[in-house]
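# Quick one: sequence and predicted model below, then my questions.
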Amino acid sequence: MSFTAKLANIDRRVFYWILFIALMVPFLSPIGFPLSVAENTRDLYDGITGDNVEPGDVWIINFGYGVSAWSECHPGVTVCTKALFREDAKIIFMGPHYDVHLTYNKLQTTAAADFAGKVYGEDYVFLGYITGGEAAITQLASDMRSVYPNDYFGTDLDDIPMMADVNGWRDIDGVLSSDTGDWGSYFLRQWQGPHGTRLAQIGIAMLGSTGIPLWLAGNYFGMSVGSRGGAELEILINELGEATTSMDSISVSHLLIVIAVILANIGVLTERRES
Amino acid sequence: MAYPTAMWDVIGLWTGWVLMLMIYSYPLYKENPVYRTAEYMFIGMMLAINVVTNFSNVVRICITPMMGGDFLMIVPLILGIMIYTMLIPEYRWVSRYPVALLVGAGFGLGIRGTIAPNIQDAIISTITAPSDGGMMAWINFLYIAVGLICSMMYFLLTFEHTGPLKAPTRIGRLFIMIALGAYFGNTVLFRFTMLTGRAQFFLQVLKLIPM
């Protein structure tokens, strides 16, 4: 049996074991791969800091990801929350996943110091779960109270001080949608497109291919792509965290995949030549 | 974030750790009863959370306002109930009306919002020459322009892809393959990031790295 045939016959579980173990090593012994900040991430950060945000501005942060995508989206959301709070902006948190309250609870711990100085109902509010897809996002633009008569804790929106004058797209200064799926597109089509609302996406790596053209066209004022984007944002705010810690491990996984792809291609080409 | 000290938090953490290993026993070993148990538990819990969350949502958005005097809320409620007639074969036709309404509304909303950002702005962005950014910006501009034109020509199906159309359609096919490759690559890498998150969790629970 040739070397390539032997290679092709290796049980796939061997690769899975190598991968699982290799991913853990950088956590135990960090490598410290260099990291540069992409322009789209810098645009996102610049768009939520400095002159682009006034004290009292109201922003929406949409948790369009569940627990399974915390490693991809949550570091970016954490940085953006910190940045907006430090500009004295008010934030409305919401999300279309059943476990949205778990993400909100996690944010309370990952951005604990910034939440400590803020008051619920005056500086931020958690509206909870939203369902209904694009139709609900459209309705949210015109009458927020029809989608959310009350917040996650059951308080009527009219009884929440920061929501007193907020009921639609006119009252919102920007939207940050953190997505594993289509929710950023809904805000794009129903808020940014027709009303010109400032919109940025904190997406998973998969959304990079579709989101970057929208950033280039100016529809997204910035975009963070995957946990790499989260790590870049952590560099920009100068507080290294979860994403930066995991970048070595992610780089090792990418390296392993590249090696596996090269080996597989060598195998195929060699077998083709032999036959 | 510190390692939890409350008893129920620690139990929750270890339950998650054990369930994760039960699920990973499938790719790392083979399909087995332990994996199946975890899988069924996951499906059952997700279904339960799904039902409870959505029912609570219907109560919050529809039933409570209706009880408060907003009787128009009866309309979406009836439409919602009509969808469930698809479970009864002889009345399945009833469900077509709310489904038609949903499809129509979704399509209309999608079209309304798609034209400006997804078509108009994309075209303007593609045909606008870069004003700054130097040589690299121009290379990107030309790359995107050539890619767009050639990829669109690939879908020119009224003419055979021979003669003057041969080269651009081949290039177009290459661009489409690159785009699909990038998309697929990003998809795979997203899954690996999720795996990285689990590897981190695995070590955190064992207190080998800080939480």
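Cool, got the structure.

# Please give the element, helix or strand, for A:Leu176.
Using DSSP states H and E, the secondary-structure element containing A:Leu176 is strand A:174-179.

# gap between that strand and the chain center?
Mean C-alpha position of strand A:174-179 versus that of the full chain (Cα atoms, centre = their mean, to the nearest Å) differs by 8 Å.

# what's near enough to touch the residue in the stretch 101-250 of chain A that chain B sits nearest to?
Relative to chain B, the nearest point of the stretch 101-250 of chain A is A:Arg189 (2.5 Å; Cβ to the nearest Cβ). (Glycine included, C-beta is placed from N, CA and C.) The contact partners of A:Arg189, by Cβ atoms under 8 Å, 6 or more residues apart in numbering or on different chains, come to A:Glu134, B:Leu109, B:Gly110, B:Arg112, B:Gly113, B:Thr114, B:Pro117, B:Asn118.

# Quickly check: the strand holding A:Leu176 near chain B or not.
No - counting by Cβ under 8 Å from any Cβ of the partner chain, chain B has no neighbours in strand A:174-179; the shortest distance is 11.6 Å.

# Tell me where the stretch 101-250 of chain A has helices.
For the stretch 101-250 of chain A, the helices defined by DSSP state H, counting those that start in this stretch cover A:112-116, A:133-142, A:144-147, A:183-187, A:193-195, A:208-216, A:226-236, A:242-274.

# pLDDT averaged over the fifth one, what's the number?
Helix A:193-195 comes out with an average pLDDT of 92.

# what does the stretch 151-275 of chain A put close to chain B?
A:188-190, A:192-194, A:204-210, A:213-214, A:216-219, A:226-227, A:245-246, A:249-250, A:253-254, A:257.

# could you say what helices and strands the helix or strand encompassing B:Phe202 packs with?
Element membership of B:Phe202, judged by DSSP H and E, is helix B:166-205. Applying 3 or more Cβ pairs under 8 Å, 6 or more residues apart in numbering or on different chains; DSSP states H and E, one finds that helix B:166-205 contacts helix A:12-28, helix A:70-86, helix A:208-216, helix A:226-236, helix A:242-274, helix B:7-28, helix B:134-154.

# the inter-axis angle of the strand holding A:Leu176 versus helix A:133-142?
Angle, strand A:174-179 to helix A:133-142, by axes from the mean of the first three to the mean of the last three Cα atoms, to 10 degrees: 160 degrees.

# Pairing partners for strand A:174-179, with directions?
strand A:58-64 (parallel), strand A:199-203 (parallel) (DSSP bridges).

# and A:Ser146, what does it touch?
Counting by Cβ under 8 Å, 6+ apart, A:Ser146 has contacts A:Gln139, B:Ile61.

# just B:Ala145 next, same as before
B:Thr126, B:Ile127 are the contacts of B:Ala145 under Cβ under 8 Å, 6+ apart.

# before we move on, what about A:Gly230?
If you count contacts by Cβ under 8 Å, 6+ apart, then A:Gly230 has A:Glu72, A:Cys73, A:His74, A:Pro75, A:Gly76, A:Thr78, A:Val79, A:Ile202, A:Ser224, A:Glu242, A:Ala243 around it.

# Quick check: it vs B:Phe202, distance?
Here the criterion is Cβ to Cβ, to the nearest Å. By it, A:Gly230 lies 20 Å from B:Phe202.

# How about A:Phe27?
9 Å.

# Please look at A:Ile257 and B:Phe192 and confirm they touch.
Yes - the pair A:Ile257 / B:Phe192 is scored as a contact, 7.0 Å apart, by Cβ atoms under 8 Å.

# Would you mind telling me which of the two has more residues around it?
The residue with more neighbours, out of A:Ile257 and B:Phe192, is B:Phe192; 21 against 16, by other Cβ atoms under 10 Å in any protein chain shown.

# you'd agree the more buried one is up against A:Ile250?
Yes - taking Cβ under 8 Å as the definition, B:Phe192 is a contact partner of A:Ile250 at 6.9 Å.

# now the lowest-mean-pLDDT helix or strand in chain A, how far from the centre of its chain.
Least confident element among the helices and strands of chain A, by mean pLDDT, DSSP states H and E: helix A:3-8 (a mean of 75). Once both centres are worked out by Cα atoms, centre = their mean, helix A:3-8 turns out to sit 40 Å from its chain's centre.

# count of neighbours near the closest residue to A:Met162 other than its chain neighbours?
Excluding its sequence neighbours, the residue lying closest to A:Met162 (Cβ to Cβ, 6 or more residues apart in numbering or on different chains) is A:Lys90, at 5.1 Å. For A:Lys90, the count of nearby residues is 21 (other Cβ under 10 Å).

# And for the one 5 residues further on?
A total of 26 residues lie near A:Gly95 under the criterion other Cβ under 10 Å.

# Roughly how far does it sit from chain B?
A:Gly95 sits at a distance of 11 Å from chain B (criterion: Cβ to the nearest Cβ, to the nearest Å).

# for the nearest residue to that residue once chain neighbours are set aside, what are its contacts?
If the residues on either side of it in the chain are set aside, A:Gly95 comes closest to A:Phe63, at 3.2 Å by Cβ to Cβ, 6+ apart. A:Phe63 sits next to A:Cys73, A:Val77, A:Phe93, A:Met94, A:Gly95, A:Pro96, A:His97, A:Val100, A:Thr103, A:Tyr104, A:Ser178 when contact means Cβ under 8 Å, 6+ apart.

# which SSE is the fourth one in?
Taking DSSP H and E as the criterion, A:Met94 maps to strand A:90-95.
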